[in-house]
Structures are given as C-alpha cells and as structure tokens.
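In: structural data only, the sequence is not supplied:
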C-alpha cells in the first residue's frame, strides 16, 4: 500500500506538468466561426493599408465570401485562411464562385494572414506546427450554401476505405 501513495503523487505531478505544457503551447489557433453572411454587400472595399489589423482584414474576407450560395458542388471551393505561427493556414473556408471574386478573395486572405503573422511574431506566439489539410468544399443543397467537407481522421478522402 505504501508504494501506491508515491505512485499517485507522481501521476499527479505528471498530469499537472502535461496540462501546464499544453496551456503554454496553446495559441488560440481554433478556427473562428464560419463566416456570417453580411446584410448587404454592394461593393467590397479594397484591402486596407498594411496598418489594418487582423480583425479589420478578417471582416473584409467575410464580406468577400458573402453568403457562399450554391446549387451544385462545382460552384464551391475552399481556401486556406489565417496563419499558424509555424507557417501555413490555420483553417479553411468554404466559398462560392457565385458570390466571390477568386483574385480579390485570395488577396484579402493573404493580407489577413500577413497581419496575423506580424501580430504573432510581435507576441512571440507559437503553434502546434501541424499542417492543416484542405478538406475541400461541397454544396449543402438543403442550406443552399458551400460548406467544408467533413474531416475524417485516418480515412482516405477518395471514398475508399483502408483494409
């Protein structure tokens, strides 16, 4: 019985250390909620100056994505957005060729990623450095909008299953 008490103590210290390490490595890289459709977008403002912060630039990305309307899968695309401190996109967005201008969207996403990278560098942020795979996008016919494909860990996206 005396051996169990030190073992429990070691487990507690190990668990505490693990939680501390995980908290220190956390950067808040979670993907923001799906872009909300703006009430009305008559014209999209050009990408603001370099001085614009990530939040203002994110609003421009959301405005360019718009409602992401679709009637079929061929109208939907995905794009890497955000910036991980190690590099690469933090998440992906679904967008529609009906509502978005591809070149303008890419420009706005790139400006937002640069602003995030600058902010992360100034704050000394780190990330998990895991590459985010592009899930692709499809048309959700019931909603009439483009959505990201579901991610399936360990399952090929080709529709075949590993045996």
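Out: Perfect, thanks for sending it. Bear in mind the structure is a predicted one, so any value in this text is a computation, not a measurement.
In: neighbours of the closest residue to residue 117 other than its chain neighbours, how many?
Out: With sequence-adjacent residues excluded and distances taken as C-beta to C-beta, 6 or more residues apart in numbering, residue 117 is closest to residue 83, at 4.6 Å. All C-beta atoms are positioned from the backbone trio N, CA, C, and that covers glycine. By other C-beta atoms under 10 Å, the residues close to residue 83 number 24.
In: quick check: the gap between residue 83 and residue 98.
Out: Separation of residue 83 from residue 98 (C-beta to C-beta, to the nearest Å): 27 Å.
In: pretty sure the residue nearest to residue 117 is touching residue 118, no?
Out: No. The criterion here is C-beta atoms under 8 Å, and residue 83 misses it with residue 118 at 9.1 Å.
In: now list whatever residues contact both of those two.
Out: By C-beta atoms under 8 Å, 6 or more residues apart in numbering, residue 83 and residue 118 have no common neighbours.
In: OK, contacts around the residue nearest to residue 117?
Out: 89-90, 112-114, 116-117, 120.
In: restricted to buried residues, select the residues you listed in PyMOL.
Out: Per 16 or more other C-beta atoms under 10 Å, the buried members of these correspond to this PyMOL selection:
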select buried, resi 89+90+112+113+116+117+120
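In: helices of the chain, residue ranges please.
Out: If DSSP state H is used as the criterion, the helices of the chain fall at 4-25, 54-65, 102-123.
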